[in-house]
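**Student:** When you get a sec, could you give me coordinates for this:
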Amino acid sequence: MDIGCQHPISSNNTYLLFKRGWHGINIDLDINNIKLFNLSRPNDINLNQAVSSSVLNKKLYFYHDKSPINTLEHEVSTFQNASIKEIRSVKTTTLDIILKKLNFNQQIDYMNIDVEGHELDVFNGFDLKVYKPNVISVEFLDLKMKKLEFRNNDLSRIIENDLYKILVENNYHLINWLHADLIFVHKNFRD
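**Tutor:** Residues are numbered from 1 along each chain as shown. Model (predicted):
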């Protein structure tokens with residue numbers, strides 16, 4: 001499951017799994033990204049949705065089609081060193097609603113969430129106790145850094161963050177940290 005999937009090949013955390021025969025659900029708020037997924041991964045479920053904590057209209061800070069930095073977060077948009085093309089209104093939904101509509105009842109082996117600072121909202125609309133993905137990679141944007149570079153990271157800010165806390169409270173363990181991605185595994189998936 002890839003929320004904020006962006007591009008089916010370039011800088012995509014699920015591409016190598018796809019190349020090995022895995023299939024899944026890809027969700028992005030940019031229809032042009034989903035069109036690329038429909039072409040390159042036609043056996044996956046590819047959805048054009050803006051995922052959040054509830055169903056509501058939110059502002060989308062839009063840079064351009066297929067941009068990896070389009071965001072629902074004003075604070076993230078002001079942090080970016082790029083010009084916003086426009087502010088659009090988008091209707092959001094929750095991951096729980098999406099999965100219910102799909103009658104989804106399978107084990108999630110791997111979940112990737114990269115939604116430019118809106119990750120906590122995605123988790124707030126997703127029942128971790130019910131679905132319990134085995135492995136979760138989630139982007140952590142530390143806006144307290146002057147530059148989003150790995151050498152500027154600070155573990156204490158991760159541990160103090162609500163994103164980390166919600167995962168730990170739901171029986172996940174932080175096992176790795178790759179640039180802006182935090183990797184968690186569920187306690188039942190550990191040896």
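**Student:** what's the average pLDDT for the longest helix seen in the chain?
**Tutor:** Counting residues, the longest helix found in the chain (DSSP state H) is helix 31-40. For helix 31-40, the per-residue pLDDT values average out at 96.
**Student:** So which elements touch the helix or strand that it is followed by?
**Tutor:** Toward the C-terminus, helix 31-40 is succeeded by strand 45-48 as the next helix or strand (DSSP states H and E). Applying 3 or more C-beta pairs under 8 Å, 6 or more residues apart in numbering; DSSP states H and E, one finds that strand 45-48 contacts strand 25-28, helix 31-40. C-beta: built from backbone N, CA, C; applies to glycine.
**Student:** same thing but at 10 Å, please
**Tutor:** Counting contacts by 3 or more C-beta pairs under 10 Å, 6 or more residues apart in numbering; DSSP states H and E, strand 45-48 packs against strand 25-28, helix 31-40, helix 95-101.
**Student:** partner strands of the shortest one, parallel or antiparallel?
**Tutor:** Spelled out, it's strand 25-28. strand 2-3 (parallel), strand 45-48 (parallel) (DSSP bridges).
**Student:** In CSV, could you pull the C-alpha coordinates for the lowest-mean-pLDDT helix or strand in the chain?
**Tutor:** Ranking every helix and strand in the chain by mean pLDDT, DSSP states H and E puts helix 74-79 at the bottom, with a mean of 87. Taking Å, rounded to 0.1, in the frame of the first residue of the first chain, the C-alpha atoms of helix 74-79 are listed here in CSV:
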residue,chain,number,x,y,z
HIS,A,74,0.5,25.2,4.7
GLU,A,75,3.5,25.0,7.0
VAL,A,76,5.2,22.6,4.6
SER,A,77,4.4,24.8,1.6
THR,A,78,6.0,27.8,3.2
PHE,A,79,9.1,25.7,4.1
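**Student:** quick one: which of the strands paired with strand 25-28 is nearest S77?
**Tutor:** Nearest of these to S77, taken as C-beta to C-beta: strand 2-3 at 18.9 Å.
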